[in-house]
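Q: Got a predicted structure here, sequence first:
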Amino acid sequence: MFAIPGKQAVTLTPAAAKQISTLMNRKGHKGLRLGIKKGGCAGMEYTLDYTDAVDPHDEVVEQDGAVVMIAPMAQMFLFGTEIDYEVSLLESGFRFRNPNVVDECGCGESIKFEEGLGAQTH
């Protein structure tokens, strides 16, 4: 759909791949589905959910034992994104380094994309 042949839509750091693989094995799921939804102070938010089935329109990224499925409507927003997993004294979680983001809120949970990107989405 929006992918460049031979190039994955997103990449995972070794820490992210390890964490996703651990979550998959602990819960017995086939992978995690990554998406985008409207919300938050900047307008859009990432979603990350367990999944047991691959939608035929999902972009599937497999790396080091981790499987991430990207929802069709999110693919154009996520192309080129690197997913990392960071642990600090106060918090731990996935971090998204997305070249398509033009603004984000201070907490990093909400993002904004260039006007017109995804205007066809509902």
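A: Looks like it arrived, so ask away.
Q: low pLDDT regions in the protein?
A: Counting by pLDDT under 70, the ranges of the chain that qualify are 1-7, 41-42, 103-122.
Q: Against residue 19, how distant is the spatially most central residue of the chain?
A: Using C-alpha atoms, centre = their mean, the residue of the chain that lies closest to the mean C-alpha position is residue 34, 4.2 Å off. Applying C-beta to C-beta, to the nearest Å, the value for residue 34 to residue 19 is 13 Å. Just so you know, the C-beta spots here come from the backbone N, C-alpha and C atoms, and that holds for glycine as well.
Q: separation between the residue nearest to the centre of the chain and residue 88?
A: Separation of residue 34 from residue 88 (C-beta to C-beta) stands at 22 Å.
Q: contacting residues for residue 19?
A: Shown in contact with residue 19 (C-beta atoms under 8 Å, 6 or more residues apart in numbering): 85, 94.
Q: Please read the previous query as pertaining to residue 8.
A: Residues in contact with residue 8, defined by C-beta under 8 Å, 6+ apart, are 59, 61, 63.
Q: So which of those residues belong to strands?
A: Residues from those lying in strands, with DSSP state E as the criterion: 59, 61, 63.
Q: How many residues are close by the first one?
A: The number of residues packed near residue 59 is 21, by other C-beta atoms under 10 Å.
Q: mind listing the helices for this structure?
A: Using DSSP state H, the helices assigned to the chain run over residues 14-27, 75-78.
Q: Residues in a beta bridge with residue 92, which ones?
A: According to DSSP bridges, the residues that bridge with residue 92 are residue 87.
Q: Can you get me a residue count around it?
A: Here the neighbour count serves as a burial measure; for residue 92 (other C-beta under 10 Å) it reads 10.
Q: is it true that it touches residue 86?
A: Yes - counting by C-beta atoms under 8 Å, residue 92 sits close enough to residue 86 to count as a contact (6.6 Å).
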